[in-house]
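K.L.:
Need coordinates for the following:
(chains A, B, C and D)
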Protein chains: 2
Amino acid sequence: MDYKTKKVITIGVMSELTGLSERQIRYYEERKLIFPDRSKGGTRKYSFEDVETLMDIANHMEDGLQTHEIKKIQEKREQRRLPEAQLKEKMLRGQLNAHFNLRK
Amino acid sequence: MDYKTKKVITIGVMSELTGLSERQIRYYEERKLIFPDRSKGGTRKYSFEDVETLMDIANHMEDGLQTHEIKKIQEKREQRRLPEAQLKEKMLRGQLNAHFNLRK
DNA sequence: CGTGTAAGGAATTCTGACACG
DNA sequence: CGTGTAAGGAATTCTGACACG
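P.N.:
Numbering: from 1, shown residues only, chains lettered A, B, ... in the order given. Okay, the predicted model is just below:
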């Protein structure tokens, strides 16, 4: 529906758009920083929003950050974007997970 | 720059987005109704604006119009979209072409 | 840790043509 | 006229691995 979030871009085009190598783009996916869709055949599909995310990642990498640090930043950004109710629910789930993980 | 006009979509995705076959999409290009970019390798790249254009074409085809009729409609639409100055210039060029074609 | 690369295979796309109508 | 299809080839993408560091 939305031009911004519709996943339609191949990794080759993404590479041109962001200046990153395909290797880098796939690696950031492995590190859970980017989440492409897949075609039936298995080829990755990205959105324009993903282009912005990748350029953001590229900037952070230039600053010498590690992928897990960038992941943290993304999570905080996501929290700030959430409404109150959802945020509380999310935090509660996190506490529950921590609780049960400790008891295991 | 613009999500709407940037050519980044492959023909396979276009086919899914519009419901048209790749054969149909290529044919409309042959009839000068749609103008994809090409990658270095030669694969077609479309924009979201092209998606809208194709769906418009699909509607006209359902109405039983022929491709050259749809082409005419596109040209009129393009004229309406042009500012005065450009329009006059365009018409003048057309007259000049007609003139020289006649004298050939 | 982050990225390049060669390897082999699979998915995707391309063109020109034949077919039908 | 508009579209399907089989054909052969080329471009694109995929994964897992080795390398460097």
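
K.L.:
Only C-alpha atoms from now on, for both contacts and neighbour counts.
P.N.:
OK.

K.L.:
And what about the residue nearest to residue A:8 when sequence neighbours are not counted, helix, strand or coil?
P.N.:
Once flanking residues are discounted, residue A:8 sits nearest to residue A:45: 5.2 Å by Cα to Cα, 6 or more residues apart in numbering or on different chains. For residue A:45, the assignment made with DSSP: H, G, I helix; E, B strand; the rest coil gives strand.

K.L.:
got a list of what residue A:45 touches?
P.N.:
With contact set as Cα atoms under 8 Å, 6 or more residues apart in numbering or on different chains, residue A:45 has these partners: A:7-11, A:36-39.

K.L.:
can we see that at 7 Å?
P.N.:
A:7-10, A:36-38 (Cα atoms under 7 Å, 6 or more residues apart in numbering or on different chains).

K.L.:
which residues does it bridge with?
P.N.:
Beta-bridge partners for residue A:45, by DSSP bridges, are residue A:37.

K.L.:
list the buried ones in the helix or strand containing residue A:29?
P.N.:
Element membership for residue A:29 (DSSP states H and E) is helix A:22-30. Residues A:25-26, A:28 are the ones in helix A:22-30 that count as buried (16 or more other Cα atoms under 10 Å in any protein chain shown).

K.L.:
and what of stretch A:56-74?
P.N.:
A:57-58, A:60, A:67, A:70-71, A:74.

K.L.:
what's the closest of these to DNA strand C?
P.N.:
residue A:67 (3.7 Å; Cα to the nearest atom of the strand).

K.L.:
Nearest spatial neighbour of the closest one, chain-adjacent residues omitted?
P.N.:
Computed as Cα to Cα, 6+ apart, the closest residue to residue A:67 that is not its neighbour in sequence is residue A:31, at 6.7 Å.

K.L.:
so what does the helix or strand that contains residue A:13 touch, helix or strand wise?
P.N.:
Under the criterion of DSSP H and E, residue A:13 resides in helix A:11-18. Secondary-structure packing of helix A:11-18 (3 or more Cα pairs under 7 Å, 6 or more residues apart in numbering or on different chains; DSSP states H and E): helix A:22-30, helix A:48-62.

K.L.:
so which of those helices gets nearest residue B:16?
P.N.:
helix A:48-62 (18.0 Å; Cα to Cα).

K.L.:
Please work out the angle formed by the directions of the closest one and helix A:22-30.
P.N.:
100 degrees (axes from the mean of the first three to the mean of the last three Cα atoms, to 10 degrees).

K.L.:
and the angle from helix A:48-62 to helix A:11-18?
P.N.:
Counting by the same axes, to 10 degrees, helix A:48-62 lies at 60 degrees to helix A:11-18.
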